[in-house]
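Q: Provided below for reference: sequence and predicted model.
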Amino acid sequence: MRNLFAFFAGGLFGAGLFISGMTDTSKVQGWLDVFGDWDPTLAFVMGGAMIPMAIAWILRNRRSTPALGGSFPPAPPQRIDRNLILGSVMFGFGWGLAGLCPGPSVASLSYGGVGHWVFFLAMLAGMAVTPAVRRMLDRQPATA
């Protein structure tokens, strides 16, 4: 039953990315081009995503266990550190340069052409080397 719900949720997510234009790299780059030919339509996509997520968090806080069993994962740490900043910067660079992030990248593989596959493979390579980079950065002393 959980797999059926996961399949449905993933399909709904992918369809939403496609319909909203999040898989269209020129639309995403137009959203980021604030001082050029700015396309504000993705603001509605982001706003439309925040509303159901806020409702989901309210409902989650009223439950002691997930509806489909198991347990809720622990909350992530609420701190801003080097790993969070580095990850955010790298995500932003990738999103701004390519116009894709992980979800839309996967959703566009079947029709996006070679460029989408190049981005996807580069993203996987980045995910593969990230643990080694994190270990290397964590070994270096923090400077004030």
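A: Received, thanks. Fair warning: this is a prediction, and the values are worked out from it, not measured in the lab.
Q: Check the offset of stretch 16-33 from the chain's centre.
A: Chain-centre distance of stretch 16-33: 13 Å, with CA atoms, centre = their mean, to the nearest Å.
Q: Name the residues of it that are buried.
A: Across stretch 16-33, burial judged by 16 or more other CB atoms under 10 Å covers 17, 20-25, 27-31. For every residue, glycine as well, the C-beta is placed using N, CA and C.
Q: which residues are in contact with it?
A: 37-43, 45, 48, 95-96, 98-100, 103-104, 107-108, 112, 115 (CB atoms under 8 Å, 6 or more residues apart in numbering).
Q: try 7 Å this time
A: With contacts defined as CB atoms under 7 Å, 6 or more residues apart in numbering, stretch 16-33 is touched by 37-39, 41-42, 45, 95-96, 98-100, 103-104, 107-108, 112.
Q: Ok, stretch 123-138 next?
A: Among residues not part of stretch 123-138, those counted as contacts by CB under 7 Å, 6+ apart are 82-83, 102, 105.
Q: what would the residues you listed look like in JSON lines with secondary structure, pLDDT and neighbour count?
A: Shown next, in JSON lines, are the contacts of stretch 123-138 (DSSP: H, G, I helix; E, B strand; the rest coil; pLDDT from 0 to 100; neighbours: other CB atoms under 10 Å):
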{"residue": "R82", "secondary structure": "helix", "pLDDT": "80", "neighbour count": "12"}
{"residue": "N83", "secondary structure": "helix", "pLDDT": "80", "neighbour count": "14"}
{"residue": "P102", "secondary structure": "helix", "pLDDT": "87", "neighbour count": "15"}
{"residue": "S105", "secondary structure": "helix", "pLDDT": "88", "neighbour count": "24"}
